[in-house]
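A.B. asks: just to be clear, the model below is a prediction. Sequence and coordinates:
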Amino acid sequence: MATTTRDTVADSGQDEEVTLFVARRVEPGYEDAFEVWAKDILAAAAAHEGNLGTGLLRPAGPDDPWHLLLHFRDGEAFRSWQASPARAACFAVADGHHHEVHRHEILGMEGWFATTKAAASKGRPPVRWKMTVASTLAIAPIVVTSTLLIAPHLSGLPTAVRPLVTAPLISALMTYAALPVVTRLLRPWLFRR
């Protein structure tokens, strides 16, 4: 029986990003077949409009569940995926040797922290104030560096345009460089309750 730690967040009508975190228990001997199925459904989800990424975390131990992560632009994209023929087709060919044991829908920034093994082992992201501290530690050096090195070269642009030039760079560095490093360094503190 699946458990839900939060009622359907994506149905709340909010426009925040949605990360679906699902744990599935696989019968012994069916791990290879499940991995093929999991990769197929994640590929279908990745091709769905509004998907921002997927992930598969293998179990830490022989009795632990597998974890699937699906990240969507907003609740509308998430609901569209849930009702999609592609998702239904994947479940239509599921062999019945795996079942959902946990489901958690996460809004906004919490999804950035849900893809770590520490979050997977606990089934939840860190508390919000710790995510705020970690995010601040990750973004502050990027913003300061951007202000010192890039902003002077943009002085000829209109004030409203300057952030449109720096924001994508800051966002990419935050997502792919700074936040992974900070969460790895702070992992023991982030996930301690």
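C.D. replies: Ah, there it is. Residues are numbered from 1 along each chain as shown.
A.B. asks: so how far is Ala167 from Thr183?
C.D. replies: Thr183 sits 21 Å away from Ala167 when distances are taken as Cβ to Cβ, to the nearest Å. (C-beta placed from N, C-alpha, C; glycine too.)
A.B. asks: what about these two, which has more around it?
C.D. replies: The residue with more neighbours, out of Thr183 and Ala167, is Thr183; 23 against 11, by other Cβ atoms under 10 Å.
A.B. asks: the more buried one contacts Trp189, doesn't it?
C.D. replies: No: assessed by Cβ atoms under 8 Å, Thr183 is found out of contact with Trp189, at 10.3 Å.
A.B. asks: per-residue confidence for the most far-flung residue of the chain relative to its centre?
C.D. replies: Note on the chain: the largest C-alpha distance from the chain mean falls to Gly156, namely 37.7 Å (Cα atoms, centre = their mean). Looking at Gly156, its pLDDT is 89.
A.B. asks: in a strand, it, correct?
C.D. replies: No: the assignment for Gly156, made by DSSP: H, G, I helix; E, B strand; the rest coil, is coil rather than a strand.
A.B. asks: what residues are up against it?
C.D. replies: Gly156 makes no contacts at all, as judged by Cβ atoms under 8 Å, 6 or more residues apart in numbering.
A.B. asks: mind checking how far it is from Gly96?
C.D. replies: From Gly156 across to Gly96, the span is 64 Å (Cβ to Cβ).
A.B. asks: before we move on, what about Phe191?
C.D. replies: When distance is defined by Cβ to Cβ, Phe191 is 34 Å away from Gly96.
A.B. asks: find the nearest non-adjacent residue to Val181, please.
C.D. replies: Ala138 (7.5 Å; Cβ to Cβ, 6 or more residues apart in numbering).
A.B. asks: since that was my last question, I'll sign off now.
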